[in-house]
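In: make a model of this:
(one chain, ligands or ions: 1)
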Amino acid sequence: MARQLDAATREALVERVRFYRDLGLTEFYRRPVDAAMLAAEADEAQSVAAEAEVEPAVSQSNVFEEEPAISARKSIAAPPEIAAAVPAMDRAAALQMIRDEIGDCTRCALHKGRNKIVFADGDPNARLMFVGEGPGADEDAQGLPFVGRAGQLLNNMIAAMGLTREQVYIANVVKCRPPGNRTPEPDEANTCTPFLFRQIDVVRPQVLVALGATAATYLLGHRQPLAGLRGRVHPFRGMQLIVTYHPAFLLRDPRQKKEAWADLQIAMKELGLKKPASGS
Ligand code: URA
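Out: Down below sits the predicted model:
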């Protein structure tokens, strides 16, 4: 019978899986547990942790059973090019209409644990938009996306591009905080993303940056390892989508910042932004 994991071990395990997933490793197998070794373990907590060890798999056939499958979302049609374009002066009002329609949302289970709905932040006429996964504790408290530690790093990434946070538009796959910062469940993401797609279609940024695997998955409509999506431009609803690492992942593994910077430079090239002079 499957052993119940305590909350701390489970959270650590989820973090580990998330870490590998951000690296583009999405298939896992459970390491067989040596019964003799387990018996020798004096500490019960340690043995639970040992059983929870996972390693990235070489084989595609062994799927780590606790990772929820992301079902394909219903396709959300791109609007006809001209008819759907909201004039720049009306975009703030159009976004407010979407916010009003969301209301005090109870469409999925995430509403039960949230404090504030995190709709978006930034310029309704931005040429550059970032999409993250979902609010964390700070965002849930303030009602704004990316205001915690990951947000500070995102602000630095935006500044490195020669822009300010006020010049871009920032939103998430889900607008309510998942408990314990877990990855949104497919039904939660699929319930929320139609609003995100409407926000994207109103702002119509030239370039959209998906931060991490969850944003990439739900924007593109299919799951694929991040490694295979980074480093290039994906045509997306008449816009250009670039996939890069989530800032929270970069906080855990700062060595990947240079890869993220390479992705952001692709975005800058598309936007015609000059690379800041080195040393500035
Ligand atoms: N992580 C996200 O994906 N979004 C936020 O708004 C904050 C942290």
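In: now L220: closest residue in space that isn't a chain neighbour?
Out: Excluding the flanking residues, the one nearest L220 by CB to CB, 6 or more residues apart in numbering is H234, at 6.7 Å. Every residue, glycine included, has its C-beta placed from N, CA and C.
In: correct me if wrong: A262 contacts G231.
Out: Yes: A262 is within contact range of G231, at 6.8 Å (criterion: CB atoms under 8 Å).
In: now the closest residue to K274 other than its chain neighbours: how far from K275?
Out: Of all residues not flanking K274 in the chain, G162 sits nearest, at 6.9 Å (CB to CB, 6+ apart). Counting by CB to CB, to the nearest Å, the gap from G162 to K275 is 8 Å.
In: which neighbours do these two share?
Out: M268 (CB atoms under 8 Å, 6 or more residues apart in numbering).
In: looking at the two, which is more packed in?
Out: G162 (14 against 11; other CB atoms under 10 Å).
In: would you mind checking which helix or strand in the chain has the lowest mean pLDDT?
Out: strand 54-56 (a mean of 32; mean pLDDT, DSSP states H and E).
In: helix or strand right after it?
Out: Per DSSP states H and E, the first helix or strand lying C-terminal to strand 54-56 is helix 91-102.
In: just how off-centre is that following helix within its chain?
Out: Relative to the centre of its chain, helix 91-102 is centred 22 Å away, using CA atoms, centre = their mean, to the nearest Å.
In: quick one: the helix or strand following that helix near the ligand?
Out: With elements assigned by DSSP H and E, the helix or strand that comes after helix 91-102 is strand 121-122. No: Strand 121-122 stays clear of the ligand (CB under 6 Å from any ligand atom), getting no nearer than 8.8 Å.
In: can you map out the strands along the stretch 151-280 of the chain?
Out: Per DSSP state E, counting those that start in this stretch, the stretch 151-280 of the chain carries strands over the ranges 169-172, 207-211, 233-236, 239-244.
In: how about this protein: which residue is closest to the ligand?
Out: For the chain and the ligand, the shortest gap (CB to the nearest ligand atom) falls at G132, measuring 2.8 Å.
In: mind checking how far the residue nearest to the spatial centre of the chain is from P247?
Out: Taking CA atoms, centre = their mean, the centroid of the chain lies closest to E133, which sits 2.9 Å from it. E133 is 10 Å from P247, where distance means CB to CB.
In: what sits in contact with each of those two?
Out: Common neighbours of E133 and P247 (criterion: CB under 8 Å, 6+ apart): L211.
In: now for the longest helix along the chain, which elements pack on it?
Out: Secondary structure of the chain per DSSP state H: the longest helix is helix 186-203. Judged by 3 or more CB pairs under 8 Å, 6 or more residues apart in numbering; DSSP states H and E, helix 186-203 is in contact with helix 91-102, strand 128-132, strand 169-172, helix 213-220.
In: any chance of JSON lines for the ones you listed, columns mean neighbour count, mean pLDDT and distance to T183?
Out: JSON lines is the format used below for the helices and strands packed on helix 186-203 (neighbours: other CB atoms under 10 Å; pLDDT from 0 to 100; distance: least, CB to CB, whole Å):
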{"stretch": "helix 91-102", "mean neighbour count": "14", "mean pLDDT": "97", "distance to T183": "21"}
{"stretch": "strand 128-132", "mean neighbour count": "26", "mean pLDDT": "98", "distance to T183": "12"}
{"stretch": "strand 169-172", "mean neighbour count": "26", "mean pLDDT": "98", "distance to T183": "12"}
{"stretch": "helix 213-220", "mean neighbour count": "24", "mean pLDDT": "97", "distance to T183": "6"}
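In: quick one: which of those is nearest M268?
Out: M268 sits nearest to strand 128-132 of all the helices and strands packed on helix 186-203, at 9.1 Å, using CB to CB.
In: determine how far the helix or strand just after that closest one lies from the middle of the whole chain.
Out: Note on strand 128-132: by DSSP H and E, the next helix or strand toward the C-terminus is helix 137-142. Computed by CA atoms, centre = their mean, the chain-centroid distance of helix 137-142 equals 16 Å.
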